[in-house]
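[1] Prediction below, plus the sequence it came from.
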Amino acid sequence: MMMDFKVELNSRLELVENRLHELLEPRMPEIIYEAMGYSVFAGGKRLRPILVMAACSACGGDESEALDFACALEMIHTYSLIHDDLPALDNDDYRRGKLTNHKQFGDGIALLAGDGLLTLAFETMLKAAVERGEQRFTRAAETIARLSGSQGMLVGQVVDVVSEGKQIDSSMLDYIHNNKTGGLIKAALIAGGYIGGADEATLSLLEVIGADMGLAFQIKDDILDVTSTTEVLGKPVFSDEKNHKVTYVSMYGMDKAQSDYELLSKRAVDNIICLGDRASFLAEYAKRLINRIK
Ligand code: IPE
Ligand code: IPE
Ligand code: MG
Ligand code: MG
Ligand code: MG
């Protein structure tokens, strides 16, 4: 089982890596493709693309049809990291074990590299949707757009940044976490579900799973910000404290953060198991995330 899982994971990671290299092949002007590739190929975990592919097969679909959507989501995620690190937002110097994009290329190119990744993601999804000409692909693209923007990552980041240095209540913190991080994780599962041909009930369950996984993922990110090291994370620790952010740990304390994290993660795994045998890779992946150290 364990061996099979690693083989399956590595084959998906390789597919994603190879396709990202094709999609980001250098063009003119060189500097922008260099800056985009710098952050995309700096060594992220590829959580979101793996979830797109795994959700697709959990619903009985053909994962090769989900690959471009998986890569597009990783581009959107990477753009969100480049912009999140900018001096006007979290002002961090390291990401994925390297200097942040703006430290390497300057603020202007970093802004544009983010814009470049966001627009290339849409170009990639729309091209795939147009070529395939079926509604499940346009639905996947619409879901990724919505949960990256007006109902997800963007609005979460907005409330996160305007709340810096303020006392916010628990429902506001939930709003921030559910959107800034939950958005793209829900998008991954639902988009994979659409491409895999999921019915309405399955799509709703995927949304519930994504919400739990997303909140859990950000709680763990907040925990790691105060318990890990820059070497392990590849990004600075104590970034939240520096920016006077309310986090799950500062609001509830470490014990409750840890126990809520475990509860949400386990509930997500139990719901994935409800999807049946085809979801065994997804279930194992989600289970292993619980013990993640980075
Ligand atoms: C970091 O995401 C930002 C959050 C939403 C917490 P990841 O922890 O998935 O970062 P990478 O992709 O592995 O660098
Ligand atoms: C940001 O949350 C999540 C994004 C949408 C980029 P954080 O600001 O806590 O993410 P890290 O810790 O810098 O990766
Ligand atoms: Mg941030
Ligand atoms: Mg940050
Ligand atoms: Mg963080």
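    Everything's here; your move. Ligands and ions are numbered 1, 2, ... in the order given.

[2] Using CSV, write down the CA coordinates of the one helix or strand in the chain whose mean pLDDT sits lowest.
    Within the chain, no helix or strand scores below helix 2-23, which has a mean of 94 by mean pLDDT, DSSP states H and E. Taking Å, rounded to 0.1, in the frame of the first residue of the first chain, the C-alpha atoms of helix 2-23 are listed here in CSV:
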residue,chain,number,x,y,z
MET,A,2,2.7,2.4,1.1
MET,A,3,4.9,1.6,-1.9
ASP,A,4,1.9,1.9,-4.3
PHE,A,5,1.0,5.3,-2.8
LYS,A,6,4.5,6.7,-3.3
VAL,A,7,4.7,5.4,-6.9
GLU,A,8,1.3,6.9,-7.7
LEU,A,9,2.2,10.2,-6.1
ASN,A,10,5.5,10.5,-7.9
SER,A,11,3.9,9.7,-11.3
ARG,A,12,1.4,12.5,-10.8
LEU,A,13,4.1,14.9,-9.6
GLU,A,14,6.1,14.1,-12.7
LEU,A,15,3.2,14.7,-15.0
VAL,A,16,2.5,18.0,-13.4
GLU,A,17,6.2,19.1,-13.5
ASN,A,18,6.6,18.2,-17.2
ARG,A,19,3.4,19.9,-18.2
LEU,A,20,4.3,23.0,-16.2
HIS,A,21,7.6,23.1,-18.1
GLU,A,22,5.8,22.9,-21.4
LEU,A,23,3.3,25.6,-20.5
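
[3] Name the residues of that helix that are buried.
    Neighbour-count burial for helix 2-23 flags E8, L9, R12, L15, V16, R19, L20, L23 (criterion: 16 or more other C-beta atoms under 10 Å). Heads up, the C-betas are built off the backbone N, CA and C, glycines and all.

[4] I'd like the next helix or strand past that helix.
    Downstream of helix 2-23, the next assigned helix or strand under DSSP states H and E is helix 30-40.

[5] how about TSV for the buried residues of helix 2-23, with distance to D62 added?
    Output for the buried residues of helix 2-23, formatted as TSV (distance: C-beta to C-beta, whole Å):
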residue	distance to D62
E8	15
L9	18
R12	13
L15	12
V16	16
R19	15
L20	20
L23	19
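
[6] just those residues now: which is nearest ligand 4?
    Nearest to ligand 4 among the buried residues of helix 2-23: L20, at 22.3 Å, using C-beta to the ion.

[7] and the closest residue to that closest one other than its chain neighbours, how many residues sit next to it?
    Counting by C-beta to C-beta, 6 or more residues apart in numbering, L20 lies nearest to C71, which is 5.2 Å off, once chain neighbours are set aside. By other C-beta atoms under 10 Å, 30 other residues sit near C71.

[8] Is ligand 5 within reach of the strand or helix carrying C71?
    Assigned by DSSP H and E, C71 falls within helix 67-84. No: shown here: helix 67-84 not in contact with ligand 5 (C-beta under 5 Å from the ion), separated by at least 8.6 Å.

[9] Quick check: residues of the stretch 1-150 of the chain near ligand 1?
    Applying C-beta under 6 Å from any ligand atom, we find that the stretch 1-150 of the chain lies next to ligand 1 at G44, K45, L47, H77, R96.

[10] Tell me which two of these sit farthest apart.
    Pairwise distances across these peak at 12.8 Å for L47 and R96 (criterion: C-beta to C-beta).

[11] quick one on the thing from earlier: ok, and the most crowded of the residues of the stretch 1-150 of the chain next to ligand 1?
    H77 (24 neighbours).

[12] so who does that residue touch?
    G44, R48, L184 (C-beta atoms under 8 Å, 6 or more residues apart in numbering).

[13] Could you do L147 as well?
    For L147, the contact set (C-beta under 8 Å, 6+ apart) comprises M153, G183, L184, K186, A187, I190.

[14] The nearest residue to it once chain neighbours are set aside sits in which helix or strand?
    Distances taken as C-beta to C-beta, 6+ apart place A187 nearest to L147, at 3.8 Å, with adjacent residues excluded. Assigned by DSSP H and E, A187 belongs to helix 182-195.
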